[in-house]
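>>> give the three-dimensional model of this entry:
(4 chains)
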4 protein chains.
Amino acid sequence: MDHDSPQERWRRRTEIPLAVGSMLFLGAYAAQVLVHDMPQVWRHVCFAVVLGAWALFAVDYGVRWRMSGRGLKYIRTHWLETLVLLLPLLRPLRVVRLYEAIQMRHGEPRLSLYARVMVYAGLSVLLLGFAGALAVYHHERLAPGANITTFGDAVWWTCSTLSTVGYGDKAPVTPVGRLVAVALMACGLGLLGAVTGSFSSWLIQVFTLEDAKRRARNRR
Amino acid sequence: MDHDSPQERWRRRTEIPLAVGSMLFLGAYAAQVLVHDMPQVWRHVCFAVVLGAWALFAVDYGVRWRMSGRGLKYIRTHWLETLVLLLPLLRPLRVVRLYEAIQMRHGEPRLSLYARVMVYAGLSVLLLGFAGALAVYHHERLAPGANITTFGDAVWWTCSTLSTVGYGDKAPVTPVGRLVAVALMACGLGLLGAVTGSFSSWLIQVFTLEDAKRRARNRR
Amino acid sequence: MDHDSPQERWRRRTEIPLAVGSMLFLGAYAAQVLVHDMPQVWRHVCFAVVLGAWALFAVDYGVRWRMSGRGLKYIRTHWLETLVLLLPLLRPLRVVRLYEAIQMRHGEPRLSLYARVMVYAGLSVLLLGFAGALAVYHHERLAPGANITTFGDAVWWTCSTLSTVGYGDKAPVTPVGRLVAVALMACGLGLLGAVTGSFSSWLIQVFTLEDAKRRARNRR
Amino acid sequence: MDHDSPQERWRRRTEIPLAVGSMLFLGAYAAQVLVHDMPQVWRHVCFAVVLGAWALFAVDYGVRWRMSGRGLKYIRTHWLETLVLLLPLLRPLRVVRLYEAIQMRHGEPRLSLYARVMVYAGLSVLLLGFAGALAVYHHERLAPGANITTFGDAVWWTCSTLSTVGYGDKAPVTPVGRLVAVALMACGLGLLGAVTGSFSSWLIQVFTLEDAKRRARNRR
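The predicted structure is shown next:
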């Protein structure tokens, strides 16, 4: 990949609008779920924003696909982008790349390997957890016999699920809510395992470095 | 092991029938447990299919044993095959190998190491979880005081157990159900640990590669 | 350490009696807790066996200490043995070493590194879990408001605790029971983490080896 | 960093008073929360001690900052110290460093790498857990519908949370209590993962060393 290829220029030019689009997407979806007494007009506006943001992502994906000139193979080799297209909730992950790009331009050191894994995986978990709490709240709120009746309950349930603590004082009872919960467990636990593992590796690295420094100082 | 030895030829020729047999086995067992108002005739058919598939595996194991000409030592060195004989639920794992064989014939790259560990261990967990949900549902369904009364409950309980979340809204109460649960925990957690660990290692590998690529690009 | 030093000879000669003693210790403790309508005479016998086994360990520890001729330093460098003296429930771990010694005499290959970690840590967890179930059952059985009222409940609770699933259908309510539970969590989770980690590493090793073998076969 | 720089001398001279200050801080906070019928005078004394200890840390931080002569950059490169200033509960961690300094002066071997990670992370978890139990107890004690009504309950809940067992017999119900719980999960699970991982690595190291020793002995 060249530094000044058309693809690269397209990527740089669309960075900001796409980041804004993803934020709008998440915000409009959250507003739709959380504000119950929203006037019909605003409800339509939210829906339009969600659809518009999605269209933005689809157009971007289409342009990149045409530029690559590789047909169906593109989908396979760029599966992460395809996933982001289907699940725009993960779009804000791009913000990390933006932050890194800015840092690099300022000549400041970039994040270390473990820190980057932690930041990416941790942010993904936060976004997935927020989306999962929204979806579960949406489907459980009015179900008979449900115990997740406020958004606070949904967030508390999400935290207790992602940490695998699982108190059980709050748990989904509808089929859709449980499906969301299983998806949340499957994605969240793998990502959180990566966060915990990286943190552990990083801690051992810090101690090893400190050890080496102290030994060098004593030898002098 | 030669590429055209009799063992190898036997293996290639029995691949497909055995895969079909394992699917039939799992399907017939599931039908027996899940369909309550099955006519007596079909119940007998299911039982025959289960027995027949098991006989198929036993014959295959016997032929391989004779071919190896190594007596009792074979059982020890091929313990995985012995385990599969006793637990035919794991048979579909062979499908992964089939897929890899097809890919290799097409000259396409095989799965990476971590991806293979994830696929094998993940599929094992899926199969074990499905079988565990079936068995627990079978034994809890009519027990007094049980709270796992539908197959959906059993699947939800299995997911909450394998992820170690353990809400406790559903839990087995019969001795046999609890025994199945303990077996599920013991097998499932080890395998899921392997999946999580491999995913974490794979993520760090991806970030390391990307790092190296970017550094090389900047140097140019 | 010489192969024929007095210490080594003492170790070999006391191996069997100490293993027997530890089994008697565990059995007598279990009988005391589990059999409620035991006649007074047998109760005294059990108590005597427990005390006798402990005395045996104390004498063995004392003799080794004198032989080493190293005073208080011995306690620090042999802290595992000191721990076993205080917690004779872990004594049966020595059985693994006995099994390895027998295997080595027969010239058979010893267990691989990961297998040994798994066997030692797994056995420790089993013994600790059994002892924990006994102790919790002993203290919860007659407590008001307790829900662990049979030994089966205690074993089920132990399994759900050690796997960190924690359904919560059974949980200790007395201070002593909770203290035992916390000790069980602290020891068990560390050891089970070692089992899971070793299993994961072993699985990856197996896949790596198979990979190398297949590649070598294809090259031929 | 020179061994006799003013910074180093300041660090050595303030070691003991700061350790004492952190203990006083923790003790006064605990007394305030745990003793309900404390006379008004003592309540004021406790509050003064908490404030005084915090002032001590602030002064120490300020002096170090001036000495470094690096302005705002200091905050970024010494983020651990900044964190400790904001969260004086972690101050007692310095005790480990004190212990190591004493050991080194006596010429005794320092803790191994894994042991140090375990000690630091384990102590942090203990301190965080104690502070978390205090805070949750403080906010849940008088809440309507709360089930954490004694400090023993709070400690039991903390243990069941940090081990990710999560029985659910005790769980916070107030927003502040749940916020503390989420913070406890986020910090505690990462740190405990480091403890478990280090323990596992250490165990494998011990087995590898023993293996090598035995092989060397057999060769002789």
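
>>> any weak-confidence spans in chain A?
Along chain A, segments meeting pLDDT under 70 span A:1-4, A:76-111, A:218-220.

>>> give me the domain ranges for it.
Domains of chain A are assigned by automatic domain parsing as A:1-88, A:111-220.

>>> is chain C within reach of the longest one?
Same thing as domain A:111-220. Yes: interface with chain C: domain A:111-220 contributes A:164-168 (C-beta under 8 Å from any C-beta of the partner chain). Glycine gets a C-beta too; all of them are placed from N, C-alpha and C.

>>> so which of these comes closest to residue A:196?
Using C-beta to C-beta, the shortest approach to residue A:196 within the residues of domain A:111-220 next to chain C belongs to residue A:164, at 10.8 Å.

>>> number of residues surrounding the closest one?
24 (other C-beta atoms under 10 Å in any protein chain shown).

>>> the residues of domain A:111-220 next to chain C: which ones sit near chain B?
The overlap between the residues of domain A:111-220 next to chain C and the neighbours of chain B (C-beta under 8 Å from any C-beta) comes to A:164-168.

>>> on that earlier part again, which ones among the residues of domain A:111-220 next to chain C are found in strands?
Using DSSP state E, no member of the residues of domain A:111-220 next to chain C falls within strands.

>>> possible to save those as CSV with distance to chain D?
Formatted as CSV, the residues of domain A:111-220 next to chain C follow (distance: C-beta to the nearest C-beta, whole Å):
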residue, distance to chain D
A:164, 5
A:165, 4
A:166, 5
A:167, 4
A:168, 4
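
>>> quick one: which of those has the most company?
With neighbours set by other C-beta under 10 Å, the maximum within these is found at residue A:166, which has 32 neighbours.

>>> list the contacts for residue A:157?
The contact partners of residue A:157, by C-beta atoms under 8 Å, 6 or more residues apart in numbering or on different chains, come to A:133, A:136, A:148, A:170-172.

>>> ok, which residues in chain A are in contact with chain B?
A:1, A:3, A:113-114, A:116-117, A:120-121, A:161, A:164-168, A:171, A:175, A:178, A:181-182, A:185-186, A:189-190, A:193-194, A:197-198.

>>> mind redoing it with 6 Å?
Proximity of chain A to chain B is assessed by C-beta under 6 Å from any C-beta of the partner chain, with A:113, A:116-117, A:161, A:164, A:166, A:168, A:171, A:178, A:182, A:185, A:189-190, A:193-194, A:197 identified as the residues in range.

>>> just the buried ones from those?
Of the members of these, the ones counted as buried by neighbours, 16 or more other C-beta atoms under 10 Å in any protein chain shown, are A:113, A:116-117, A:161, A:164, A:166, A:168, A:171, A:178, A:182, A:185, A:189-190, A:193-194, A:197.

>>> coming back round to it: ok, which pair from the contacts of residue A:157 is furthest apart?
The widest separation within the contacts of residue A:157 (C-beta to C-beta) is 13.5 Å, between A:133 and A:171.

>>> list the contacts for the residue in chain A positioned nearest to chain C?
Among all residues of chain A, residue A:168 sits closest to chain C, at 5.6 Å; criterion: C-beta to the nearest C-beta. With C-beta atoms under 6 Å, 6 or more residues apart in numbering or on different chains as the criterion, the residues that contact residue A:168 are B:167-169, C:168, D:168.

>>> could these go into CSV alongside distance to residue D:64?
Compiled in CSV, the contacts of residue A:168 are given as follows (distance: C-beta to C-beta, whole Å):
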residue, distance to residue D:64
B:167, 48
B:168, 49
B:169, 52
C:168, 47
D:168, 45
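
>>> for chain D, see how far away residue A:183 is.
Counting by C-beta to the nearest C-beta, to the nearest Å, the gap between residue A:183 and chain D amounts to 20 Å.

>>> tell me which helix or strand that residue sits in.
helix A:175-219 (DSSP states H and E).

>>> and for residue A:127?
Residue A:127 belongs to helix A:113-140 when elements are defined using DSSP H and E.

>>> that helix: which residues count as buried?
By neighbour count, and taking 16+ other C-beta under 10 Å as the criterion, the buried residues in helix A:113-140 are A:113-114, A:116-125, A:127-140.

>>> now stretch A:46-57
When neighbours are counted by 16+ other C-beta under 10 Å, the buried residues of stretch A:46-57 are found to be A:46, A:49-50, A:53, A:56-57.

>>> quick one, what contacts the nearest residue to residue A:205 once chain neighbours are set aside?
Once flanking residues are discounted, residue A:205 sits nearest to residue A:114: 7.1 Å by C-beta to C-beta, 6 or more residues apart in numbering or on different chains. Taking C-beta under 6 Å, 6+ apart, we find residue A:114 in contact with A:198, A:201-202.

>>> quick one: buried ones out of those?
With burial judged by 16+ other C-beta under 10 Å, the buried subset of these is A:198, A:201-202.

>>> now, which of those sits nearest chain B?
Nearest member of these to chain B, counting by C-beta to the nearest C-beta, is residue A:198, at 7.0 Å.

>>> could you check how far the closest one is from residue B:112?
Between residue A:198 and residue B:112 the computed distance is 20 Å (C-beta to C-beta, to the nearest Å).

>>> same question for residue A:27.
Distance, residue A:27 to residue B:112, by C-beta to C-beta: 38 Å.

>>> same deal with residue A:191?
Here the criterion is C-beta to C-beta. By it, residue A:191 lies 19 Å from residue B:112.

>>> who's more crowded, these two?
For residue A:191 and residue B:112, the more surrounded residue by other C-beta under 10 Å is residue A:191, and the numbers stand at 25 against 13.

>>> these two touch, right, the more buried one and residue A:127?
No: distance between residue A:191 and residue A:127: 10.3 Å, which falls outside the contact criterion (C-beta atoms under 6 Å).

>>> which helices and strands sit right next to the helix or strand hosting residue A:13?
When secondary structure is defined by DSSP H and E, residue A:13 falls within helix A:6-34. Packed against helix A:6-34 by the contact rule (3 or more C-beta pairs under 6 Å, 6 or more residues apart in numbering or on different chains; DSSP states H and E) you find helix A:40-68.

>>> let's see 10 Å
Using 3 or more C-beta pairs under 10 Å, 6 or more residues apart in numbering or on different chains; DSSP states H and E as the contact criterion, the elements in contact with helix A:6-34 are helix A:40-68, helix A:94-105, helix A:113-140, helix A:151-162.

>>> now do the contacts for residue A:165.
Counting by C-beta atoms under 10 Å, 6 or more residues apart in numbering or on different chains, residue A:165 makes contact with A:159, B:164-167, C:164, C:166, D:160-168, D:171, D:181, D:184-185, D:189.

>>> so who does the nearest residue to residue A:32 once chain neighbours are set aside touch?
Leaving out its chain neighbours, the residue that sits closest to residue A:32 by C-beta to C-beta, 6+ apart is residue A:46, at 4.6 Å. Applying C-beta under 10 Å, 6+ apart, we find residue A:46 in contact with A:24, A:27-33, A:35, A:38.

>>> now the buried members of the residues you listed.
Buried among the contacts of residue A:46 (16+ other C-beta under 10 Å): A:24, A:28-33.
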